[in-house]
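Novice: Prediction below, plus the sequence it came from.
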Amino acid sequence: MTNRRQFLSALVATATTAAVNPTISLAASATSGPGSATAKKKRRIPWRNWSGSQECFPAARKAPSTVAELQDLVTAASGIVRPVGAGHSFMPLVPTDDTIISLSRLAGVIEHDEQSNTALIWSGTRLGDIGAPLAERGQALINMPDIDEQSLAGAISTATHGTGAGLGCMSSYVEGLQLLTANGELIDCSAENNADIFKAAQVGLGSLGIVTQIRMRNEPLYRLRRETEWMPIEDILAQVDQLADNNRNFEFYYIPFSGMGFTDVHNITDEESSRTEELDQNDGANTLKSVRDWLAWSPKIRELILSSYMSSLDKEVVVANSWENYAKERNVRFNEMEYHLPRENLVAAFKEIRTEVESNFPEVFFPFEVRVVKSDDIWLSPFSGRESCSIAVHRFFQEDFKPLYGAVEPILKKYGGRPHWGKLNTLSGADLAQLYPRWNDFKALRQQLDPQGKFLNPYLKGVFS
């Protein structure tokens, strides 16, 4: 690892010494925080999401330890009530000045069924805390996203997903759930019981009520062989369908202004656990930012340096338990826009986004992430009714994301994209109604379950009005 950093430093030093350049700062100014709060709000403890892009000053913050306590809190609340998980959503799904409720004390595996490979799990359980307890019961989640800090309820409520042409989002593996409504009623639902409520609540945005328990369909404990390989982006795009179809899990990342990307594939294996030397992705993100700063004066030299460095990186192979191989630690914060497109539009949309970013946004250094996801039939799932690909564009959390996303979002929409519910987008309720055939059915059911709008904060009220 040290030799790799020394190699990159030497390349940058050679380039900067050989060039005469002014000092140019292309980093956008850090985004200012939300507008000034009233004196009353300033006396409250603020809630912020992971990236710091969302903030509120709730009058009450609750963390019940039993469902009965949760029922009392919801029925007694006079204003808006919003459930909160790990705060990994970039959209304003949580902010309210009334009551936010954390389910962090309702966590853990409740029971499991060996015959059906299912497990009933408290909704406040973090994804990273599910793998080991399930393994003790001989089970594993069928798929996971690449961040495991989210709560299970938050993950399914926003259709959080991993990657794999034959694998759906996490919501598609929900066999049943328990929903607490605004009047304190507990509704158990599944495909056979309260089926419409189930199809709505699988991706419900916390707008129908509060999900308390979730029964997940799993599979027997398994181990994954993960392979990461760097190559020119043209080579990745030329074989993207083959890679997606021939591997259980497949995604690729592209490093802007480098011409290089890396593929990340997982397949089930019986091999013993092992690992080669790995590139620390958090360290890598900081390195990309430094190179951006050092070589801001010449995108061409920046690409030459990065491509030379990345071409020297070895293939990585990690064999580990599934939940240990899916997730990657993310310590460098960012904001993110991600849209889900018909899979056949992947290459064309990606090329257009790359051209836009590399022509007009030389300050961008965070990678693009591209994944594939199987279709489902969930009412508000972005993957409903079509095989999909996901394209995500990230921006360093201290930099203004609005100009970049303002340029990229029209491209994503042009190719039939539906936004990730937890990722930044500007779509209105009218826009979303055009993308979801069951939109009005969801709205009618939501109104029936919560006629007074107890679970609608300003953002959700705007979306569902």
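Specialist: All right, it came through fine.
Novice: which residues sit in contact with Q178?
Specialist: L186, I187, D188, C189, V211, T212, Q213, I214 (Cβ atoms under 8 Å, 6 or more residues apart in numbering). (Glycine included, C-beta is placed from N, CA and C.)
Novice: Same check on D72?
Specialist: So D72 contacts G184 (Cβ under 8 Å, 6+ apart).
Novice: do the same with the one 5 residues further on
Specialist: By Cβ under 8 Å, 6+ apart, A77 lies in contact with A60, D98, T99, K454.
Novice: Distance of it relative to G204?
Specialist: 19 Å (Cβ to Cβ, to the nearest Å).
Novice: Same check on L313?
Specialist: Distance, L313 to G204, by Cβ to Cβ: 42 Å.
Novice: Return the per-residue confidence for T263.
Specialist: On pLDDT, T263 comes in at 98.
Novice: hmm, I was thinking of W323
Specialist: 94.
Novice: Can you verify it is assigned to a strand?
Specialist: No. Looking at W323 with DSSP: H, G, I helix; E, B strand; the rest coil, it is helix, so not inside a strand.
Novice: so who does the residue nearest to the spatial centre of the chain touch?
Specialist: In the chain, the C-alpha nearest the mean C-alpha coordinate belongs to T160, at 5.8 Å (Cα atoms, centre = their mean). Residues in contact with T160, defined by Cβ under 8 Å, 6+ apart, are P145, Q150, G154, C169, M170, S171, H420, G422.
Novice: now with 7 Å?
Specialist: Contacts for T160 were tallied using Cβ atoms under 7 Å, 6 or more residues apart in numbering; they are P145, Q150, C169, M170, G422.
Novice: Please report the distance of it from K374.
Specialist: Counting by Cβ to Cβ, the gap from T160 to K374 is 14 Å.
Novice: And the contacts of the helix or strand hosting D283?
Specialist: For D283, the host element (DSSP states H and E) is helix 281-294. By Cβ under 7 Å, 6+ apart, the list of residues contacting helix 281-294 from outside reads 8, 12, 16, 255, 302, 305-306, 328-329, 331-332, 363, 365-366, 396.
Novice: What number of residues are in the vicinity of the closest residue to S78 other than its chain neighbours?
Specialist: Spatially, and ignoring its direct neighbours in sequence, S78 is nearest to D98 (7.9 Å; Cβ to Cβ, 6 or more residues apart in numbering). Other residues lying near D98 total 16 when counted by other Cβ atoms under 10 Å.
Novice: Help me confirm that D98 comes into contact with A59.
Specialist: Yes. Between D98 and A59 a contact is recorded at 5.7 Å, counting by Cβ atoms under 7 Å.
Novice: Contact partners for E329?
Specialist: Contacts of E329 by Cβ under 7 Å, 6+ apart are N282.
Novice: cool, R126 as well?
Specialist: If you count contacts by Cβ under 7 Å, 6+ apart, then R126 has A86, D148, E149, Q150, S151 around it.
Novice: Give me the three-state assignment for the first one.
Specialist: Reduced to three states with three-state DSSP, the structure at A86 is coil.
Novice: pretty sure it contacts S151?
Specialist: Yes. Assessed by Cβ under 7 Å, A86 is found in contact with S151 at 5.5 Å.
Novice: More neighbours: those two, which one.
Specialist: S151 (27 against 20).
Novice: tell me the contacts of that one?
Specialist: With Cβ under 7 Å, 6+ apart, S151 has these contacts: G85, A86, L103, S123, G124, T125, R126.
Novice: Dump these to TSV, plus distance to S274, pLDDT and secondary structure.
Specialist: As requested, the contacts of S151 are exported to TSV (distance: Cβ to Cβ, whole Å; pLDDT from 0 to 100; DSSP: H, G, I helix; E, B strand; the rest coil):
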residue	distance to S274	pLDDT	secondary structure
G85	34	94	coil
A86	31	93	coil
L103	37	97	coil
S123	35	98	coil
G124	34	98	coil
T125	29	98	coil
R126	27	97	strand
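Novice: and the two most separated of these?
Specialist: The most widely separated members of the contacts of S151 are A86 and S123, with 12.3 Å between them, by Cβ to Cβ.
Novice: Pop out the phi and psi values for A244.
Specialist: The phi and psi values for A244, taken as degrees, to the nearest 10, are phi -70, psi -40.
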